[in-house]
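Student: Just a sequence and a predicted model for now, questions to come.
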Amino acid sequence: MRLLDDLAARRALYGRPLATMPDVLLIDIPPVYASPSLPLGRYYPVILETDAEYAEITAFLAMERSRLVVPDLFDHRLSALRADDIVVARYPPPRPEWPWLMLCRWPADYAIMVPAQDEHFARGAYTSEAFETLDDLVQAEARLVETLGSHRPVHLAVLPETLGTA
C-alpha cells in the first residue's frame, strides 16, 4: 500500500504567505481514519520548511509499505527557522472546499514553557488550526491576541495581500 493512494489521497499544498514561514501540506484524512484530535476532525498538517522536505514527504507518501503509518516524519524534527517574536500567519485555501489555516511560530522562550511530552508544538515551534471560514479564523486570531496581550506586549502589523515581486 502507498499512503498516496489511501491515507493521503486527498491533499493540498498551502504556499507560504510570508518568506519566513513554511509551506503546509494539508492531508484530508479519510473518515475511517479521522479523529477529533485532528484540525476540524479530519485534516493532518505537514509543515515543510524547504523544497528538500517537500521532496522527502512526496517520496514518503509514494513509498510502498506493508501497513498504514502516520506521516509524522517532520513532527519531531526541530524547526530550522527561528524568531524572537510570535508569528501568526493566515494561509488561504488553495482550492474551493479546503479550510483556512492559521499557523503560529512560537519563540523558544514560549515553547519551553510547555512540557515536551505534551506535543503541543510541531517541530518544536509551530501550532496550527484549521477553519471553515475566514471569519472563524479572524475570531480565533482576536482571541489569541487578547490572550497574549495579557502576558507581554503584542505588536501587530497588517500586511498587504500582495507583498510585491522584489
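Tutor: Sure thing, it's come through.

Student: the bottom helix or strand of this structure by mean pLDDT?
Tutor: Lowest mean confidence among the helices and strands of the chain (mean pLDDT, DSSP states H and E): helix 108-111, at a mean of 75.

Student: Show residues contacting that helix.
Tutor: The contact list for helix 108-111 (Cβ atoms under 8 Å, 6 or more residues apart in numbering) reads 82, 86, 121, 124-125. Placement of C-beta: from N, CA and C, glycine included.

Student: Which of these has the largest number of neighbours?
Tutor: Ala125 (23 neighbours; other Cβ atoms under 10 Å).

Student: Disregarding residues adjacent in the polypeptide, which is nearest to it?
Tutor: Spatially, and ignoring its direct neighbours in sequence, Ala125 is nearest to Ser79 (4.1 Å; Cβ to Cβ, 6 or more residues apart in numbering).

Student: same deal with Pro94?
Tutor: Ala12 (4.9 Å).

Student: same thing with Arg82?
Tutor: Nearest one to Arg82, counting by Cβ to Cβ, 6+ apart, is Ala108 at 7.5 Å.

Student: Ser128 versus Ala12, what's the distance?
Tutor: Ala12 sits at a distance of 14 Å from Ser128 (criterion: Cβ to Cβ, to the nearest Å).

Student: mind listing the strands for this structure?
Tutor: 11-14, 23-28, 43-48, 87-91, 100-105, 126-131 (DSSP state E).

Student: and the last one, what other elements does it pack with?
Tutor: Translated: strand 126-131. Using 3 or more Cβ pairs under 8 Å, 6 or more residues apart in numbering; DSSP states H and E, the elements in contact with strand 126-131 are strand 43-48, strand 100-105, helix 134-149.
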